[in-house]
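Asker: model this:
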Amino acid sequence: MITRNSVVLIDQIDLAIEEKGRTWQSVIDVTARRLRPVFLTAGLTVLGMLPIIRDPFWAPLAFTVIGGLVVAAGLTLIFLPVLYVLWFRVPTETAPDNVEVSAPEPAAAGG
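Answerer: This next block holds a predicted model:
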C-alpha cells in the first residue's frame, strides 16, 4: 500500500513538473494533494487493526502493522519529496533561460 502511494506520488510530481515547470512549488503542491489519500489508506488499515489489539496472540502483529504504517506514511509524505528534490536537483525557482534585458530606448524628441 505504501509502495503504491510512493509510486503515485512520484508520478504526479513528474506530471506537475512537466506542466508547471521544475520548481519546489510543484513538489509541494503534489505532496499536499496526496496528503489526504495517504492518510486515509493508512488510517483505515490502522483502524482495522484496533480490534485485534486486545487479543494476546495477535496484539504484537497489530502493533507492528500500526507502527509500520504510521512511519511509512510519514516517510512517504516528508522524506520522499525531500529526496526527490535533492536527487533531481530541483531548483527553488524557475531560472530564466539566458534572457537579455535591453535598456529602454530614449523617447523621440519633437512632436
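Asker: what is the host helix or strand of residue 43 packed up against?
Answerer: Per DSSP states H and E, residue 43 falls inside helix 24-49. Under the contact definition 3 or more Cβ pairs under 8 Å, 6 or more residues apart in numbering; DSSP states H and E, helix 24-49 sits against helix 2-20, helix 59-74, helix 80-87. Every residue, glycine included, has its C-beta placed from N, CA and C.
Asker: any idea which of the ones you listed gets closest to residue 41?
Answerer: Comparing the helices and strands packed on helix 24-49 against residue 41 with Cβ to Cβ, the closest turns out to be helix 2-20 (6.7 Å).
Asker: quick revisit: how about CSV for the helices and strands packed on helix 24-49, with mean neighbour count and mean pLDDT added?
Answerer: As requested, these are exported to CSV (neighbours: other Cβ atoms under 10 Å; pLDDT from 0 to 100):
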stretch, mean neighbour count, mean pLDDT
helix 2-20, 15, 91
helix 59-74, 15, 95
helix 80-87, 14, 93
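Asker: and the ones you listed as JSON lines, adding distance to residue 46?
Answerer: As requested, the helices and strands packed on helix 24-49 are arranged in JSON lines below (distance: least, Cβ to Cβ, whole Å):
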{"stretch": "helix 2-20", "distance to residue 46": "12"}
{"stretch": "helix 59-74", "distance to residue 46": "5"}
{"stretch": "helix 80-87", "distance to residue 46": "20"}
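Asker: circling back: helix 2-20 and the helix holding residue 43, what's the angle between them?
Answerer: Computed by axes from the mean of the first three to the mean of the last three Cα atoms, to 10 degrees, the angle separating helix 24-49 from helix 2-20 equals 160 degrees.
Asker: check which residues of helix 24-49 are buried.
Answerer: 26, 27, 30, 31, 34, 38, 39, 41, 42, 45, 46, 49 (16 or more other Cβ atoms under 10 Å).
Asker: re earlier: quick one: closest of the helices and strands packed on helix 24-49 to residue 93.
Answerer: Once those are compared by Cβ to Cβ, helix 2-20 is nearest, at 12.1 Å.
Asker: what sits closest to residue 12 if chain neighbours are left out?
Answerer: Leaving aside its chain neighbours, residue 12 sits nearest to residue 30 (4.7 Å; criterion: Cβ to Cβ, 6 or more residues apart in numbering).
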